[in-house]
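In: predicted model follows, preceded by the sequence.
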Amino acid sequence: MHKKTPVNVRGVVLVSGAHVVDDFYQGVIPALLPFLVSERHYSYAAVSGITLAATVLSSVAQPAFGVLADRRSRRWMVPAGMLLAGVGAALAGLMPTYALTWLVVALSGLGIAAFHPEAARCARQAAGNSNTAMSVFALGGNAGYALGSLVATTVLLWLGVHGTGLLILPAVVMALVLSRTLTNTLDGHAEHRATSRLPSGEDDWRAFLTLTSIVIIRSILFFGVTSFIALYFIHHFGASETVGGAALTVFLVTGAAGTLLGGWLGDRFSPIVSIRTGFALVIPALVGTLLANTTALAMVCVAITGIATYIPFSVFVLLGQNYLPNRIGTASGVTVGLAVSIGGLANPLLGRLADTTSLRTSLSVLLILPILALVISAFLRVPKPQA
């Protein structure tokens with residue numbers, strides 16, 4: 001067991017709130033896709049390319065930002081990254097061409113890359129060794145993603161794709177809050193400065209790379225579902241764009257329960273139990289979604305899929321940091337940033353498969369992923385005790 005340290009509740013709440021706002025802009029992009037299909041007549045492959053734009057630059061830049069955070073804490077990257085994410089997403093619906101749309105979405109992804117490593121380091125400082133507290137930080141991202149989907153869908157139904165300009169407001173407000181309160185909240189009290197709240201020990205790269213492979217698998221699964229579930233409801237069931245958007249929102253909102261459940265399982269049993277439980281539950285839930293013959297039954301299965309998909313995510317951050325205690329920024333950049341970015345790299349392949357066959361076939365292929373993750377999880381171990 002790791003040495004317990006008290007949780008800085010105010011710090012966890014503040015950094016988790018910033019995570020809400022930052023990942024709000026991650027949720028905007030998949031919500032935008034059906035509107036780009038209907039208003040600009042983009043193909044499935046083209047909208048998959050938009051998802052790629054949101055992720056490829058983030059994936060490449062994430063390790064670099066993690067290394068920077070390891071060398072010296074750069075808390076300014078938390079508000080700055082969040083602002084860039086907001087600017088890019090807000091401009092996405094205003095660009096006149098596909099190329100410019102792709103570019104500003106890529107810039108939003110760069111902002112996401114800058115935010116996550118340093119924000120996760122701040123969250124760990126506040127959370128100590130609590131999986132539950134770190135799951136609250138993860139929940140902030142999940143909640144932001146869901147809110148981004150819900151708010152963007154509402155705005156886009158009202159104003160069309162040009163309504164994305166309104167979405168810059170949360171980033172501006174939260175950046176101002178962080179600039180005034182972040183340092184004092186994390187470091188302002190003597191007792192917080194006196195005790196190291198970050199892990200210590202030797203780095204275990206083999207275990208970390210095993211975990212990273214599972215993070216990537218979960219990421220591909222996550223992006224596959226979020227990019228195509230709304231379109232699946234629209235085209236398979238003949239549902240409206242509103243119902244399609246609701247399916248995506250249900251997946252993301254129920255993921256909040258999965259995030260907290262994963263943190264509880266991590267503290268009660270172990271992070272590895274959380275990982276295996278989530279992937280085992282994904283399999284029947286996704287099968288149910290694809291076999292359901294009514295919209296209502298499919299929506300229930302989507303909800304269970306959301307819970308299951310998020311159970312492992314909530315423990316990736318702390319487990320990865322414990323595997324690499326001397327490289328907290330690098331570990332955070334992979335387990336938080338990479339987890340919400342690299343999965344998008346596989347999306348164009350899924351989009352092409354959907355174009356040539358069907359959305360149902362493309363989603364069915366995703367069933368391979370949780371099985372593979374369960375196999376790889378057999379090689380995970382609980383980190384060695386640390387001081």
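Out: That came through fine.
In: and the host helix or strand of Val177, what's buried?
Out: In this assignment (DSSP states H and E), Val177 forms part of helix 169-187. By neighbour count on 16 or more other Cβ atoms under 10 Å, the buried set for helix 169-187 is Pro170, Ala171, Met174, Ala175, Leu178, Leu182, Thr185, Leu186. Using the backbone N, CA and C atoms, a C-beta is placed for each residue, glycine as well.
In: with stretch 316-332 instead?
Out: For stretch 316-332, by 16+ other Cβ under 10 Å, it's 316-325, 327-332.
In: repeat that for stretch 344-359.
Out: Gly344, Leu345, Ala346, Asn347, Pro348, Leu350, Gly351, Leu353, Ala354, Leu359.
In: now for the residues you listed: which two are most distant?
Out: With Cβ to Cβ as the measure, no two of the buried residues of stretch 344-359 lie farther apart than Leu345 and Leu359, at 19.5 Å.
In: quick revisit: what's the closest of the buried residues of stretch 316-332 to His41?
Out: Using Cβ to Cβ, the buried residues of stretch 316-332 come closest to His41 at Phe316, 37.9 Å.
In: tell me the secondary structure for the closest one?
Out: helix (DSSP: H, G, I helix; E, B strand; the rest coil).
In: now for it: which residues touch it?
Out: Phe316 makes contacts with Ala138, Leu211, Val215, Arg218, Thr335, Val336, Ala339, as judged by Cβ atoms under 8 Å, 6 or more residues apart in numbering.
In: run the last query once more with 10 Å
Out: Applying Cβ atoms under 10 Å, 6 or more residues apart in numbering, we find Phe316 in contact with 134, 138, 211-212, 214-215, 218-219, 262, 271, 274-275, 331-332, 334-336, 338-339.
In: next, count neighbours for the residue nearest to Val317 when sequence neighbours are not counted.
Out: Excluding the flanking residues, the one nearest Val317 by Cβ to Cβ, 6 or more residues apart in numbering is Thr335, at 5.0 Å. Neighbour count for Thr335, taken as other Cβ atoms under 10 Å: 29.
In: circling back: now, which of the buried residues of helix 169-187 sits nearest Gly244?
Out: Using Cβ to Cβ, the buried residues of helix 169-187 come closest to Gly244 at Pro170, 23.9 Å.
In: which ones are touching the closest residue to Leu261 other than its chain neighbours?
Out: With Cβ to Cβ, 6+ apart as the criterion, Leu261 has its nearest non-adjacent residue at 5.7 Å, and that residue is Ile311. Going by Cβ under 10 Å, 6+ apart, Ile311 touches 135, 218, 255, 257-266, 273-282.
In: distance check, Ala207 against Ser213.
Out: 11 Å (Cβ to Cβ, to the nearest Å).
In: now Trp158
Out: 42 Å.
In: more crowded one of the two?
Out: Per other Cβ under 10 Å, whichever of Trp158 and Ser213 has more neighbours is Ser213, with 14 against 9.
In: the more buried one touches Leu372, doesn't it?
Out: Yes: the criterion here is Cβ atoms under 10 Å, and Ser213 meets it with Leu372 at 8.9 Å.
In: wait, what's in contact with Thr330?
Out: Here Thr330 is in contact with 62-70, 117, 203, 208, 320-321, 324 (Cβ under 10 Å, 6+ apart).
In: so which of the residues you listed is the closest to Phe228?
Out: Once Cβ to Cβ is applied, the member of the contacts of Thr330 that ends up nearest Phe228 is Gln62, at 24.1 Å.
In: which helix or strand contains that closest one?
Out: helix 44-71.
In: what's the angle from the helix or strand just after that helix to helix 44-71?
Out: Moving toward the C-terminus from helix 44-71, the next helix or strand (DSSP H and E) is helix 77-91. Here helix 77-91 runs at an angle of 170 degrees relative to helix 44-71 (axes from the mean of the first three to the mean of the last three Cα atoms, to 10 degrees).
In: tilt between helix 77-91 and helix 169-187?
Out: Using the same axes, to 10 degrees, helix 77-91 lies at 170 degrees relative to helix 169-187.
In: next secondary structure after helix 77-91?
Out: Defined by DSSP H and E, the subsequent element after helix 77-91 is helix 98-127.
In: name the helices or strands packed onto that following helix?
Out: helix 9-40, helix 44-71, helix 77-91, helix 131-159, helix 169-187, helix 295-323, helix 328-332 (3 or more Cβ pairs under 10 Å, 6 or more residues apart in numbering; DSSP states H and E).
In: does the fifth one pack against any helices or strands, and if so which?
Out: For helix 169-187, the helices and strands in contact under the criterion 3+ Cβ pairs under 10 Å, 6+ apart are helix 9-40, helix 77-91, helix 98-127, helix 131-159, helix 190-194.
In: same question, the second one
Out: When contacts are defined as 3+ Cβ pairs under 10 Å, 6+ apart, helix 44-71 packs onto helix 9-40, helix 77-91, helix 98-127, helix 205-236, helix 328-332, helix 347-356, helix 359-365.
In: burial count for Ala46?
Out: 19.
In: thought it was touching Ala99?
Out: No: counting by Cβ under 10 Å, Ala46 stays clear of Ala99, with 11.4 Å between them.
In: Asn347 against Ala46, yeah?
Out: No: taking Cβ under 10 Å as the definition, Asn347 is not a contact partner of Ala46, at 11.3 Å.
In: for Leu286, helix, strand, or coil?
Out: helix.
In: got a list of what the nearest residue to it once chain neighbours are set aside touches?
Out: Leaving out its chain neighbours, the residue that sits closest to Leu286 by Cβ to Cβ, 6+ apart is Thr305, at 5.3 Å. By Cβ under 10 Å, 6+ apart, the contact set of Thr305 is 221, 225, 229, 250-251, 254-255, 258, 281-289.
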